[in-house]
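A.B. asks: Pasted the sequence and its predicted model underneath.
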Amino acid sequence: MTDNKQKVRDFIEGLPHLKALGMELEALEDGVATVALPYDTRLIGDPATGVIHGGAVSTLMDTASGASVMCHASQPASTATIDLRIDYMRPATAGQRITARAECYHVTRSVAFVRVIATDEDKSRPVATATGAFTIEPAQGDAK
Amino acid sequence: MKSKPTPEPVQVVKGRRDAALGRLVDGVPYIQFLGIQFDRRGDELTAVLPYSEMLIGNPLLPAIHGGVTAAFLEVAAIIELSWSSQWEQMEDGTLDPAAGGLMALPKTIDFSVDYLRSGLPRDAYARARINRCGRRYASVHVEAWQDNRSRLFAQATGHFLMPLRADKMQG
């Protein structure tokens, strides 16, 4: 189990786009992943307010979701997003780090269901939430 | 007898439109970070995401990160909305692109992405279609493809809150 989490961690930390964004993997538990995006002026979407672009928040939530599927107890070999629906509650406060906590709450043989919540430093008021469906690629050797 | 006004020279019209588009796109750091560009043919916009290694989310396939795909579609939707809502003002000359200042952009309420194929290490294209744009809310559909226009790799529908416009605040 711990081996699997280390494998997931190594995989995620090696992804070129996440390195470019400066994304940080904070925690991996069974079916739960927490990923953070430090504030960066390159990611501003609204120059008038300095607020981070929704697209960067989407990437953060997609990443946390994928990671939560990968570290689910069923240990899928790989996963890909089928659909992701994001609701934006409020703009993240400029200058603050955004953290997404994703929970893979159900898996079937072929599909994983995930919900995510993103907050800035004010944990009581979510910035965005998302729900998604992900593919499950069974580990090699598993019966189909 | 009033004579018809002489049509504006084409380069003046194009210059004005390109400047207005540039004003929307160039000021947003995240659009520059991803390297998204816009092709314009009259009022039709195509968002272009040139491939770069930095966009990879799965090195094994390799495939573009799903988050990048979502972001690309969302950028295409927001720019299309801003572009089409300023078109009239731009054409009648009441929008002065030289005046500078920042455009108030629509805010995303929700965005739902449908991933149809993995994003290949190629350039990607997207076009947005406005389903409805009211005074406060808008609904937009976006399609993205790579080599073949008919083989979409992702599509999305989103709802947006439109910025209040000074000229429409009354009444």
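C.D. replies: Received it, and whenever you're ready, just let me know what you need.
A.B. asks: Which pLDDT value goes with the residue minimising distance to the centre of chain A?
C.D. replies: With distances taken as Cα atoms, centre = their mean, chain A has A:Ala64 as the residue nearest its mean C-alpha position (1.4 Å). Among the per-residue scores, A:Ala64 shows a pLDDT of 97.
A.B. asks: SS state for it?
C.D. replies: Under DSSP: H, G, I helix; E, B strand; the rest coil, A:Ala64 falls in the helix class.
A.B. asks: Contacts only, for it.
C.D. replies: By Cβ atoms under 8 Å, 6 or more residues apart in numbering or on different chains, the contact set of A:Ala64 is A:Ala33, A:Thr34, A:Val35, A:Ala100, A:Arg101, A:Ala102, A:Val116. To be clear about C-beta, it is placed using only N, CA and C from the backbone, and glycine gets the same treatment.
A.B. asks: one more time with 6 Å
C.D. replies: Residues in contact with A:Ala64 (Cβ atoms under 6 Å, 6 or more residues apart in numbering or on different chains) are A:Ala33, A:Val35, A:Ala100, A:Ala102, A:Val116.
A.B. asks: and the strand or helix carrying the last one, what does it pack onto?
C.D. replies: Here A:Val116 is covered by strand A:111-119, with elements defined by DSSP states H and E. Packed against strand A:111-119, as judged by 3 or more Cβ pairs under 6 Å, 6 or more residues apart in numbering or on different chains; DSSP states H and E, are the following elements: helix A:54-70, strand A:98-107, strand A:128-135.
A.B. asks: Direction included, what does that strand pair against?
C.D. replies: According to DSSP bridges, strand A:111-119 has the following sheet partners: strand A:98-107 (antiparallel), strand A:128-135 (antiparallel).
A.B. asks: need these in a markdown table with mean neighbour count, distance to A:His17 and mean pLDDT, can you?
C.D. replies: Formatted as a markdown table, those follow (neighbours: other Cβ atoms under 10 Å in any protein chain shown; distance: least, Cβ to Cβ, whole Å; pLDDT from 0 to 100):
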| stretch | mean neighbour count | distance to A:His17 | mean pLDDT |
| --- | --- | --- | --- |
| strand A:98-107 | 21 | 15 | 98 |
| strand A:128-135 | 22 | 18 | 97 |
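A.B. asks: So which of those is nearest A:Tyr88?
C.D. replies: A:Tyr88 lies closest to strand A:128-135 among the strands paired with strand A:111-119, at 5.0 Å (Cβ to Cβ).
A.B. asks: Hey, what's the angle from the closest one to helix A:54-70? Just curious.
C.D. replies: Relative orientation of strand A:128-135 versus helix A:54-70 (axes from the mean of the first three to the mean of the last three Cα atoms, to 10 degrees): 50 degrees.
A.B. asks: Alpha carbons only: can I get strand A:128-135 in PDB?
C.D. replies: What follows is strand A:128-135 as a C-alpha-only set of coordinates in PDB (Å, rounded to 0.1, in the frame of the first residue of the first chain):
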ATOM      1  CA  ALA A 128     -14.700  25.900  -6.100                       C
ATOM      2  CA  THR A 129     -16.100  22.400  -6.000                       C
ATOM      3  CA  ALA A 130     -16.100  19.700  -8.700                       C
ATOM      4  CA  THR A 131     -17.400  16.300  -9.400                       C
ATOM      5  CA  GLY A 132     -15.900  13.900 -12.000                       C
ATOM      6  CA  ALA A 133     -15.900  10.500 -13.500                       C
ATOM      7  CA  PHE A 134     -12.600   8.800 -14.300                       C
ATOM      8  CA  THR A 135     -11.600   5.700 -16.200                       C
END
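A.B. asks: neighbouring contacts of that strand?
C.D. replies: Outside strand A:128-135, the residues that touch it by Cβ under 6 Å, 6+ apart are A:57, A:61, A:65, A:69, A:79-88, A:111-118.
A.B. asks: that older thread, pipe the helices and strands packed on strand A:111-119 into JSON lines and attach distance to A:Glu24 per row.
C.D. replies: Converted to JSON lines, these look like this (distance: least, Cβ to Cβ, whole Å):
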{"stretch": "helix A:54-70", "distance to A:Glu24": "10"}
{"stretch": "strand A:98-107", "distance to A:Glu24": "9"}
{"stretch": "strand A:128-135", "distance to A:Glu24": "18"}
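A.B. asks: who in chain A is up against chain B?
C.D. replies: A:15-17, A:20, A:42-48, A:53-55, A:58-59, A:62, A:81-88 (Cβ under 6 Å from any Cβ of the partner chain).
A.B. asks: Show me which of those residues are buried.
C.D. replies: Neighbour-count burial (16 or more other Cβ atoms under 10 Å in any protein chain shown) is assigned, among those, to A:15-17, A:20, A:43-47, A:53-55, A:58-59, A:62, A:81-82, A:84-86, A:88.
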